[in-house]
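J.: Got a sequence here, can you build the structure:
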Amino acid sequence: MHAAMIAMAGSFLMIESIVMGGAPAATSDATRIVRGSIGKKLDTHLSKMVKNGYSGAVIVAKGGEIILRKGYGYANREKGLRVTPETVFTIGSITKQFTGAAIVKLEMQGRLRVTDTIDQYFADVPKDKRGITLHQLLTHTAGLPDALGHDFDTTATREAFLKLAMGSKLRSKPGRKHAYSNVGYSLLGMIVETASGMGYEAYLRKHLFEPAGMMHTGYLLPKFDPDSLAVGYRGDKPWGTVLGHPMLKDGPGWHLRANGGIHSTLGDMYKWHLALEGTRILSDEAKKKYFAPHVDEGFGDSFYGYGWVTFTTPRGTKLVAHNGGNMIFSADFRRYVDEDIVMFHATNIAKYDPDNLSNRLAKIIFAKP
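T.: The predicted structure is shown next:
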């Protein structure tokens, strides 16, 4: 889902104890928070949406204080399991910011440079792609196709995917313009593996998730309780879970790996925000590169970084954000930097557009009609 669409429009210690305490409970709602007038207004709005078929989970924090942390509707209608703050959702292309962070982290560790060309990591790169840089992959300016197959194609091993990517036709000359590419981020996931000597998910878990306390984020390594996973729905029909669809032994095929499909919880995504506020994961210098508005997406009001998009709000303040979805699940993650507000939400209902919901919630937060 295109990130530019966003432009339309007890805290840490408690979460630390919740997240580090073991696998998220499938039915417990004891950790929900509704605080202050804004939190109550948001809760009222979302509760009304449940009557129209909405289900999902939302966390909002302002000034370092959580004002809303709650689940709505059903995570699994067939089993009668409601969404709680601990329900696990797939977060789609929000995965890209983890891949971007991994590349920047590896640069911090002296294992690569974002100015490196891909022929330093792959053999037999054809001439038209030989000069593509990691920076161009990160900013969607490599000219690669958006996709080369479907998410759950288990023939998309590393070798098979790489052959497809290298044989694909470029949409534009590398470095010329922004064109969103899941293919490029999958190649970055392979580069993470080559540079680190670890599997993609294993590197993220050791160097990003564990230092941030995010024990319930990933593909397979968190060993999710099946009842903690939200089931996706299109209308009245259950679609299932991403992890219930065909996978390779160590995770999704490479049409999905590193560009989407990671799972997380409200608590973990807030912990990721807190980690990015400090220097536990990335240095200040690395974060400047990570969040920088490197490339105009083509609309004049949104600029792509390394898995994030930067906007100027109607209030003249800075917003960095990214959404994700697979036409069943969707999620949106927004950090209103100047106003010290963070919002993350995820839904398991196909008909809900993540940007539309974020814009509605933002109007309540910023007291707009």
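J.: going forward, measure contacts between C-alpha atoms and count neighbours the same way
T.: Will do.
J.: low pLDDT regions in the stretch 251-369 of the chain?
T.: 369 (pLDDT under 70).
J.: any idea how far the residue of the chain most remote from its centre is from Lys271?
T.: Distance from the centre of the chain peaks at Lys127, with 32.4 Å (Cα atoms, centre = their mean). Lys127 sits at a distance of 43 Å from Lys271 (criterion: Cα to Cα, to the nearest Å).
J.: again with Leu204
T.: Distance from Leu204 to Lys271, by Cα to Cα: 15 Å.
J.: can you count the residues close to the spatially closest residue to Glu107 that is not a sequence neighbour?
T.: Distances taken as Cα to Cα, 6 or more residues apart in numbering place Arg113 nearest to Glu107, at 5.3 Å, with adjacent residues excluded. Arg113 has 16 neighbouring residues, counting by other Cα atoms under 10 Å.
J.: thought Arg113 was touching Ala102?
T.: No. Counting by Cα atoms under 8 Å, Arg113 stays clear of Ala102, with 11.9 Å between them.
J.: what sits against Ala362?
T.: Residues near Ala362 by Cα atoms under 8 Å, 6 or more residues apart in numbering: none.
J.: Now name the helix or strand holding it.
T.: Assessed by DSSP states H and E, Ala362 sits inside helix 354-365.
J.: Could you list the buried residues of that helix?
T.: Pro354, Asp355, Ser358, Arg360, Leu361, Ala362, Ile364, Ile365 (16 or more other Cα atoms under 10 Å).
J.: Mind putting these into JSON lines with distance to Thr217?
T.: JSON lines is the format used below for the buried residues of helix 354-365 (distance: Cα to Cα, whole Å):
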{"residue": "Pro354", "distance to Thr217": "20"}
{"residue": "Asp355", "distance to Thr217": "23"}
{"residue": "Ser358", "distance to Thr217": "22"}
{"residue": "Arg360", "distance to Thr217": "27"}
{"residue": "Leu361", "distance to Thr217": "25"}
{"residue": "Ala362", "distance to Thr217": "26"}
{"residue": "Ile364", "distance to Thr217": "29"}
{"residue": "Ile365", "distance to Thr217": "27"}
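J.: Nearest to Ser47, out of these: which one, please.
T.: Comparing the buried residues of helix 354-365 against Ser47 with Cα to Cα places Leu361 closest, at 12.5 Å.
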